[in-house]
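>>> Structure, please.
(chains A and B)
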Amino acid sequence: MIWRMSTLFLRTLRDDPADAEVPSHRLLVRAGYVRRAAPGIYSWLPLGYEVYRNVERVVREEMHAIGAQEVHFPALLPREPYEVTGRWTEYGDTLFRLEDRKGADYLLGPTHEEMFTLLVKDLYSSYKDLPLSIFQVQTKYRDEARPRAGILRGREFVMKDSYSFDVDDAGLQRSYDAHRGAYVRTCERLGMPYVVVAAMSGAMGGSASEEFLVPAVHGEDTYVRCTACDYAANVEAVRVAAPGPLPWDDAPAAHAEQTPGTPTIETLVDHLNAAFGREDRSWTAADTLKNVLVTLVRPDGTREPLAVGVPGDRDVDEKRLAAQVEPAVVEPFTEADFAAHPTLTKGYIGPGALGEKGTSGIRYVVDPRVVGGTRWVTGAGVDGSHVLDLVAGRDFTPDGTIEAAGIRDGDPCPVCGGALESARGIEMGHVFQLGRKYSEALGLQVLDESGRLVTPTMGSYGFGVSRAVAAIVENSHDDLGIVWPRSVAPADVHLVATGKDVAVFEAAAALAAECEAAGIGVLYDDRPKVSPGVKFKDAELLGMPTIVTVGRGLVDGVVEVRDRATGVREDVPLADAAAHLAALCHP
RNA sequence: CGGGGUAUGGCGCAGCGUGGUAGCGCGUCCGCUUUGGGAGCGGAAGGCCCCCGGUUCGAAUCCGGGUACCCCGACCA
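Down below sits the predicted model:
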């Protein structure tokens, strides 16, 4: 394939677009790979679409390699299946809804679990048909509250989504492992660094779940990894290292003390050290138990107050809390809410008012570090008073635990105890064991060996195809422009003919033809009357892995071959150039 | 949905304070010169100055009300 720049539908921009902030957005627009069509919606131009197709090809090949079969659903879907699973409501404003001329409800598919499940139900009815993995590469629609960063997070995007169907958990595990392996190979072939992290399964429901994140400063996901072992998890999914229960036989009895003017942890700690100083060590925020109130709003609109107890030196992480209570939404506890629960004294809330037996009856969940036998200073439930030596398990019993406290760098790894560190990443893929949520909801059943009806268990596996284009650029660019990995580059070689000498253009055209014959993709800058500087700048911006210049070296019979990533250049005899490039491009 | 910013040819921006013929750079087109690091000179095309209303003889500019976009926080491939 030869792309000729004299006729290529392309316009590169000299200046950065003003509305683009992150590198991938800036460079993809400036280099003429994409154009914005509407908020969060982008058009692909010839070179950009070629990159996109290359990503798609790699993804598809790895799917085929694990025996998954490709299907293709409509993007425009009827309401009914989504009504059955509750997602017509649960998806809320994120769902693009529309009506046909008769007033019937439709949606633009944000994801296709329902359709896949129904299709299998439609055609299959025996355990002999399973296992089955089917996938599609589809345009998805989500009316995001805030689309941003160009195609990194659009309202229309392309996802490869696959689904596995197995009769039992062991089969699901095999399908899951196969997809996980395929994603590993896909990321590697796409030249993307990646980290696999434990994840929450989110609105899809289900259990085991891992995400493939591409580390990137502009990523939207925060994850932690252990500096000592290979543990890594999305911050939402981190399970803290909780100590075992402690004996409390010789613990002193709890005693309420006057602590006037101490509604915050900071003022409380100061007061403790001033009035109740200890010899062995001073009081710190970690000695206190902070009780935070929120309101949960369920998809059906019902509201429930919830009290969350965390060690006083930690904040409640809103993202972690939100992930735990999903699909309910967390809202702040208002003054009106306090007024509705007069037994709660703001700043002095203690377990006495909370939990099943508490005076307020509000459900009380605590951080896993609040195990039986731990001793705390916490609110006594009346203004200006706290309880000391309150022992969990002896003096109060929470209704459960919750992973809502913030994770900090240096926290112990739940696997090996090493120090955790946090980083940001772009979510590229998500694999999880869905279980029977959709097969049950939609009535997918097959007959097993003994003629009994069983409900297959499902896995769900998404990979962001269009997002990958942007993620690759995030990780592979420099001050001059994009640096495409060879696997997705629109062409292997950017061939630049400089000057006005006819011989140069003839030699370059001949070399382009030779390359094409050798299966090397060429982007040939054959524009006459364009200065060398412009051509070099464009070549660097566009980012083909190899830049070949035919110009002033031609009188000596050589062309210059430059590696875009390293900048290393070498002169190669024109006669050997095609073979040299073939060795580079198809090693 | 909360906070901040911006809307002026394809792109980047000035002009608005103190109303009076809509400008600059890049890009595009024509001509001549130039050709290894975003060339020079001369000519040209291309604008509901975000929208609606108001003030005024006259509004890009002043007033009122909308809308959109971008960035930062709550949601996800």
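>>> ok, which stretches of the stretch 351-500 of chain A are strands?
Using DSSP state E, counting those that start in this stretch, the strands of the stretch 351-500 of chain A run over A:363-366, A:375-379, A:385-391, A:400-401, A:420-435, A:446-447, A:453-454, A:457-464, A:493-497.
>>> how far away is the most centrally placed residue in chain A from residue A:177?
The structure's chain A has its C-alpha centroid closest to residue A:427; by CA atoms, centre = their mean the separation is 2.3 Å. Distance from residue A:427 to residue A:177, counting by CB to CB, to the nearest Å: 20 Å. Every residue, glycine included, has its C-beta placed from N, CA and C.
>>> Tell me where chain A has helices.
A:23-30, A:46-65, A:80-84, A:87-90, A:113-123, A:169-189, A:265-275, A:318-325, A:335-340, A:437-441, A:465-475, A:502-517, A:532-542, A:574-585 (DSSP state H).
>>> weakest of those helices in terms of mean pLDDT?
The weakest mean pLDDT among those belongs to helix A:335-340, with a mean of 68.
>>> winner for burial among the strands of the stretch 351-500 of chain A?
strand A:493-497 (a mean of 28; mean count of other CB atoms under 10 Å).
>>> Just the C-alpha atoms of that one, please, in PDB.
Output of strand A:493-497 as PDB, limited to C-alpha atoms (Å, rounded to 0.1, in the frame of the first residue of the first chain):
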ATOM      1  CA  VAL A 493       7.700   3.900   6.200                       C
ATOM      2  CA  HIS A 494       7.300   7.600   5.700                       C
ATOM      3  CA  LEU A 495       9.200   8.200   2.500                       C
ATOM      4  CA  VAL A 496      10.200  11.900   2.100                       C
ATOM      5  CA  ALA A 497      11.400  13.200  -1.300                       C
END
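>>> Is it correct that residue A:121 is in contact with residue A:446?
No. Applying CB atoms under 8 Å as the test, residue A:121 and residue A:446 come out as separate, 9.2 Å apart.
>>> ok so, going back, what bridges to the residue nearest to the centre of chain A?
Beta bridges link residue A:427 to residue A:213 when assigned by DSSP bridges.
>>> ok, it to residue A:216 distance?
10 Å.
>>> List the buried residues for stretch A:71-91?
Within stretch A:71-91, the residues that qualify as buried by neighbour count (16 or more other CB atoms under 10 Å) are A:73, A:75, A:77, A:81-82, A:84-85, A:87-88, A:90-91.
>>> Can that stretch be said to contact RNA strand B?
No. Stretch A:71-91 is not in contact with RNA strand B by CB under 7 Å from any atom of the strand; minimum separation 8.7 Å.
>>> Any chance you could list what contacts that stretch?
A:95, A:104-110, A:112-116, A:118-119, A:134-141, A:203, A:299-300, A:327, A:437-438, A:441-442 (CB atoms under 8 Å, 6 or more residues apart in numbering).
>>> Please apply the same query to stretch A:144-153.
Taking CB under 8 Å, 6+ apart as the rule, stretch A:144-153 contacts A:20-22, A:24-25, A:28-29, A:34, A:36, A:39-40, A:42, A:93-94, A:154-155, A:157, A:218, A:220, A:426, A:466-467, A:469-471, A:474.
>>> Return the residues of the stretch 351-500 of chain A in contact with RNA strand B.
Residues of the stretch 351-500 of chain A lying near RNA strand B by CB under 7 Å from any atom of the strand: A:427-430, A:462-464, A:466-467, A:480, A:498-500.
>>> swap the cut-off to 6 Å and go again
Neighbours of RNA strand B within the stretch 351-500 of chain A, by CB under 6 Å from any atom of the strand: A:427-430, A:462-464, A:466-467, A:498-500.
>>> And those residues, which two are furthest apart?
Farthest-apart pair in these is A:430 and A:500; separation 53.8 Å (CB to CB).
>>> show me the contacts for the closest residue to RNA strand B within the stretch 301-450 of chain A.
The stretch 301-450 of chain A approaches RNA strand B most closely through residue A:322 (2.5 Å), counting by CB to the nearest atom of the strand. Counting by CB under 8 Å, 6+ apart, residue A:322 makes contact with A:236, A:329-330.
>>> which residues sit in contact with residue A:524?
Residues near residue A:524 by CB under 8 Å, 6+ apart: A:2-5, A:495, A:497, A:508-509, A:512.
>>> if we go to 7 Å?
Residues in contact with residue A:524, defined by CB atoms under 7 Å, 6 or more residues apart in numbering, are A:2-5, A:495, A:508, A:512.
>>> Residue A:176 too?
Residue A:176 touches A:431, A:433, A:459, counting by CB under 7 Å, 6+ apart.
>>> Just give the number of residues close to residue A:287.
By the measure other CB atoms under 10 Å, the count of residues near residue A:287 is 22.
>>> Quick check, it in contact with residue A:374.
No. Using CB atoms under 7 Å, residue A:287 makes no contact with residue A:374, being 9.9 Å away.
>>> ok, the closest residue to residue A:35 other than its chain neighbours to residue A:6 distance?
Leaving aside its chain neighbours, residue A:35 sits nearest to residue A:43 (4.9 Å; criterion: CB to CB, 6 or more residues apart in numbering). Using CB to CB, residue A:43 is found at 23 Å from residue A:6.
>>> how many neighbours does residue A:66 have?
Residue A:66 has 18 neighbouring residues, counting by other CB under 10 Å.
>>> Apart from its chain neighbours, what residue comes closest to it?
Using CB to CB, 6+ apart, the closest residue to residue A:66 is residue A:178 (4.4 Å).
>>> quick one: contacts for the residue nearest to residue A:517 when sequence neighbours are not counted?
What sits nearest to residue A:517 in space, not counting adjacent residues and going by CB to CB, 6+ apart, is residue A:578, at 8.0 Å. Contacts of residue A:578 were listed using CB under 7 Å, 6+ apart, and they are A:511, A:514-515, A:518.
>>> at 6 Å what do you get?
Listed by CB atoms under 6 Å, 6 or more residues apart in numbering, the contact partners of residue A:578 are A:514-515, A:518.
>>> Please indicate which of those has the highest neighbour count?
Among the contacts of residue A:578, residue A:515 has the most neighbours (other CB under 10 Å), with 25 neighbours.
>>> Let's have the contacts of residue A:176 in a markdown table, adding distance to residue A:402 and pLDDT.
A markdown table is the format used below for the contacts of residue A:176 (distance: CB to CB, whole Å; pLDDT from 0 to 100):
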| residue | distance to residue A:402 | pLDDT |
| --- | --- | --- |
| A:431 | 25 | 91 |
| A:433 | 23 | 89 |
| A:459 | 27 | 92 |
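>>> how about CSV for these, with distance to residue A:66 added?
Below are the contacts of residue A:176 laid out as CSV (distance: CB to CB, whole Å):
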residue, distance to residue A:66
A:431, 12
A:433, 16
A:459, 12
